[in-house]
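Chemist: Structural data only, the sequence is not supplied:
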C-alpha cells in the first residue's frame, strides 16, 4: 500500500510500483469511452502547484483528476504571490487553509515536495523536483515498456543524454532497478558522470556503446535550464555522439522501443524520422500518463487496490 | 571571590589532571590546592565535574551590526558562555563589513561589558569581503582587532590572496582563511558523493576544499604569512595539512565541532531539511572519521563552533535556497567531547589551548592567570537540546546522542551558569 505521499520511486517497493501499474492498466479504459468520467473522487479537491513550465504533466494530472470527478485548482508561479516574494511554505499554508486533499507540485528545487509532505497532512504528489525525481513520468514509462515487453526483469534499458540533470532518468533508474531491469547510461562526461554508478547502473559514453544490448532506448532532452555554464559543447557535436538517427537505429536490436519524455529537440537528440517512426512509442507514453496519474490519485486518496480483473472503480 | 571545590582540573599546558580546589579572586586564579579554606568566598561544589581552561572560538558569526534578528552581541556573548567559551572572535561578515580602521574602532569599543563571553573582532582581509581590494589591516589591528580574515568567504583568486597575505604578514596578525573554491562551491548545496547522487541534490566536489588548502599552503610557503585554516573537513585536506606542517610551514587549522559527529547522511535522514545545509557541507563518514583522527593526532589542532545563526526567514526554504550554516556555540563542547571519546585533555587542547595559541595567548589553569574556566559534566549523556541563548535555532545536532555538557563558564572571574 502506498503511504500518504508519492515523493519518488527511490523508497518505493516492488509491490507498490506493481500495484500502481496494474491499477493504471485498469484506468486506461475510462479514457477510451465517450463519457470519460467516473465518480471515484467526487468531492475531493486536488491542487496543481507548478513552479516550472509544463505542458504534458500538468494537463495530464489535470485530466486524470477530472476524469475521476475531483475538483481541480491550478496555481502557477507566474501568476501567483510567489512573484510578490511569498515563500513556498507560506503559499502552502494558505492552500492548507482552504482544505485541499492533495497537492501536485512541480518545483525547481530538489526536495521541495518533501518539505511540504513533512509539514502538512494532505497528500503530496511530486510532479518533478529539481534534478531529483519525476515519479509519475517513470511510472508511465514503465507501463509503456510493460505493454510491449511484458515482465521487465532481465530487460535492458538504455538512457541516453543529460542523465545528471534529469529527474526522469533518476526516477526510471530507481523504478527499473526495482523491477529487475538492467539500466545502462550514455552521454557527455559532464552529464553522465561515473558517480551515477552508485545508483546501480552501468555508465558508458557514446550512444553506440549502449544501443546493441538495449531493449529500450530512452532519449533525454538536454536540460539547458539546469546546465552549469560551460558544461556542453555544440549541439552538432552532441548529435554526432549521443543523438539517435535512422542509421544508428538500424544498428540496434530489431524491435527496440524508442522513448522520450518530451519535449523533443528534433535534430539534436532525436532525428524527426526516428521520433515519428515505427519504433517510437512516444505518444503511447503520453496516453499512459493520464492512466498512471488516475491510478496515483485513486490509490493515494484512499481507493482500495483493484482486485485482478475487477472493474468496479471504473464502472 | 569564588572557590571551585573538588573539580577535576584538566590543564594540558601544565600537565595537571587531578582533583583540586581553585580559588578565584579579582578576576584571576589566586590559589590552587587541596582543601582550600572557603572564607567568605562563594563555594561551587565541582565534585564529579571537570574544570578546563575556558574555550576560545576562532570562528563565529555574531551578525551584529546589521542582521541582529539572527544574533546580537549580547545573545552571542551569552550563547558562547553557555558553551564554555570565555572568548569568541566575531566574523567581519557584518553590515557594514568590518573592513576599515574606523568601523573596527567603533565595534571594538561597542564589544565591552557584555554579559557572557568576551567578544573580540576580526577585521576583513578584503574590502566588502569581495576578494578584490586590500583592507586597512594595520589600522584594524591597531584598533583592537585580534585577527584578519574574510569570515566564511573564501578568496579564490590566487593573485589577490598572494597580495593579501604578503600585505598582512608584517603587521603580525594571524590570517584566518576558509579554504574553498567559490565557483565550484556555487555549483551545489551539499557534498558531492553517494548521498547527493541518491538525493538528487547538486553536489560540491571535495576538490573545492582540496584546491583551497593546496593554494593556501603554496601561498604560505611563498609569503611566510601566518595562516590559520578555519574549516578543514576532508580526509585529503587533512593529509595536505599534515604534509605542510611536517615541512615546517606556519600553518594551523580548525574544524567545526559538528563536522566531528555529523556526516552527509544527516541530509537524507532529515528529509532535505535545510538545517543540514552547511558550507563547507557535511562530509561522508570516511571523511568524518579521518578528520576526527586528525584532531586526535593534532594535525588539525583546533575545533571551532562555526556558529552561523539563521532564523526561519533564511532557513524555512527549499534546501538549495536556504542559507548555509548552523549555530554551534552551545553544542561545540558536547560534540567535541563525544567525537574524542571523552578524552578531556584532548578536548581542552582542541577547544582552548590551541585556538588561544593561534592568537599568541595561553589558556591555562595557573595561579596568576586570568580566571577563564569551563566547568563541565563529563558524565552527562542525552539527546542534544535546542539552543537556549542564541537568537537562532538552526542546530542540526538537536536530538543527536551526545556526551558531556557545560555547566558554567568563568569569564575573568565572573561565574556564568550555563544550565
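Modeler: Now that the structure is in, tell me what you want to look at. Since the model is a prediction, treat every value here as computed from it, not as a measurement.

Chemist: nearest residue to the residue of the stretch 251-400 of chain B found nearest chain A other than its sequence neighbours?
Modeler: Using CB to the nearest CB, residue B:272 is the residue of the stretch 251-400 of chain B that sits closest to chain A, at 2.9 Å. Where C-beta positions appear, they are placed from N, C-alpha and C, glycine not excepted. In space, and not counting its chain neighbours, residue B:272 is closest to residue A:111: 2.9 Å by CB to CB, 6 or more residues apart in numbering or on different chains.

Chemist: show me what contacts the one you found?
Modeler: Applying CB atoms under 8 Å, 6 or more residues apart in numbering or on different chains to residue A:111 gives the contacts A:129-130, A:132, B:199-201, B:271-272, B:318-320.

Chemist: Give the phi and psi angles for it, as a check.
Modeler: For residue A:111, the backbone dihedrals (degrees, to the nearest 10) come out as phi 90, psi -10.

Chemist: what does chain A put close to chain B?
Modeler: Applying CB under 8 Å from any CB of the partner chain, we find that chain A lies next to chain B at A:10, A:87-89, A:107, A:109-112, A:114-115, A:117-118, A:129-133, A:167, A:170, A:195-196, A:198-199, A:228.

Chemist: Show me which of the contacts of residue A:111 are buried.
Modeler: A:129-130, A:132, B:199-201, B:272, B:318-320 (16 or more other CB atoms under 10 Å in any protein chain shown).

Chemist: List the ones among those residues that fall in helices.
Modeler: Counting by DSSP state H, the buried ones among the contacts of residue A:111 place residue B:199 in helices.

Chemist: Show me the buried ones among the contacts of residue A:111 that map onto strands.
Modeler: residue A:129 (DSSP state E).

Chemist: Pipe the buried ones among the contacts of residue A:111 into CSV and attach pLDDT and distance to residue B:294 per row.
Modeler: As requested, the buried ones among the contacts of residue A:111 are arranged in CSV below (pLDDT from 0 to 100; distance: CB to CB, whole Å):
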residue, pLDDT, distance to residue B:294
A:129, 97, 37
A:130, 96, 34
A:132, 97, 33
B:199, 97, 27
B:200, 97, 31
B:201, 97, 27
B:272, 97, 30
B:318, 96, 34
B:319, 97, 29
B:320, 96, 30
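
Chemist: List just the nearest of the buried ones among the contacts of residue A:111 to residue B:326.
Modeler: residue B:319 (13.7 Å; CB to CB).

Chemist: most centrally placed residue in chain B?
Modeler: For chain B, the residue nearest the mean C-alpha position is residue B:304 (2.1 Å; CA atoms, centre = their mean).

Chemist: if I pick that residue, what's in contact with it?
Modeler: Shown in contact with residue B:304 (CB under 8 Å, 6+ apart): B:57-60, B:230-231, B:254-257, B:328, B:332, B:355.

Chemist: likewise residue B:378?
Modeler: The contact partners of residue B:378, by CB under 8 Å, 6+ apart, come to B:49-50, B:337, B:342, B:344, B:403-404.

Chemist: Check residue B:138 too.
Modeler: B:101, B:171.

Chemist: I'd say residue B:126 and residue B:135 touch.
Modeler: Yes: using CB atoms under 8 Å, residue B:126 is in contact with residue B:135, at 6.3 Å.

Chemist: Which one's more surrounded, the two?
Modeler: Set residue B:126 next to residue B:135 and count neighbours by other CB atoms under 10 Å in any protein chain shown: residue B:135 wins out with 27 against 24.

Chemist: how far away is that one from chain A?
Modeler: Separation of residue B:135 from chain A (CB to the nearest CB, to the nearest Å) stands at 31 Å.

Chemist: and the residue nearest to residue B:57 when sequence neighbours are not counted, which of the three is it?
Modeler: For residue B:57, ignoring the flanking residues on the chain, the nearest one in space by CB to CB, 6+ apart is residue B:88 at 4.4 Å. Following DSSP: H, G, I helix; E, B strand; the rest coil, the label given to residue B:88 is strand.

Chemist: returning to what we had before: out of the contacts of residue A:111, which comes closest to residue B:182?
Modeler: residue B:320 (16.5 Å).

Chemist: restrict the contacts of residue B:378 to those near chain A?
Modeler: Among the contacts of residue B:378, chain A is touched by none when using CB under 8 Å from any CB.

Chemist: Which of the contacts of residue A:111 lies at the shortest distance from residue B:371?
Modeler: Looking across these and measuring by CB to CB, the closest to residue B:371 is residue B:319, at 44.3 Å.

Chemist: Please name the residues that touch that closest one.
Modeler: Residues in contact with residue B:319 (CB under 8 Å, 6+ apart) are A:109-112, A:115, B:189-190, B:201, B:267, B:272-274, B:277.

Chemist: will you turn the residues you listed into a markdown table that also has distance to residue A:222?
Modeler: Output for the contacts of residue B:319, formatted as a markdown table (distance: CB to CB, whole Å):
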| residue | distance to residue A:222 |
| --- | --- |
| A:109 | 20 |
| A:110 | 19 |
| A:111 | 23 |
| A:112 | 23 |
| A:115 | 28 |
| B:189 | 22 |
| B:190 | 24 |
| B:201 | 21 |
| B:267 | 28 |
| B:272 | 26 |
| B:273 | 32 |
| B:274 | 29 |
| B:277 | 28 |
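
Chemist: Identify, from those residues, the entry nearest to residue A:281.
Modeler: Proximity of these to residue A:281, judged by CB to CB, is greatest for residue A:110, which lies at 28.5 Å.

Chemist: which residues touch that closest one?
Modeler: Neighbours of residue A:110 in contact, by CB under 8 Å, 6+ apart: A:129-132, B:199-202, B:272, B:319-320.
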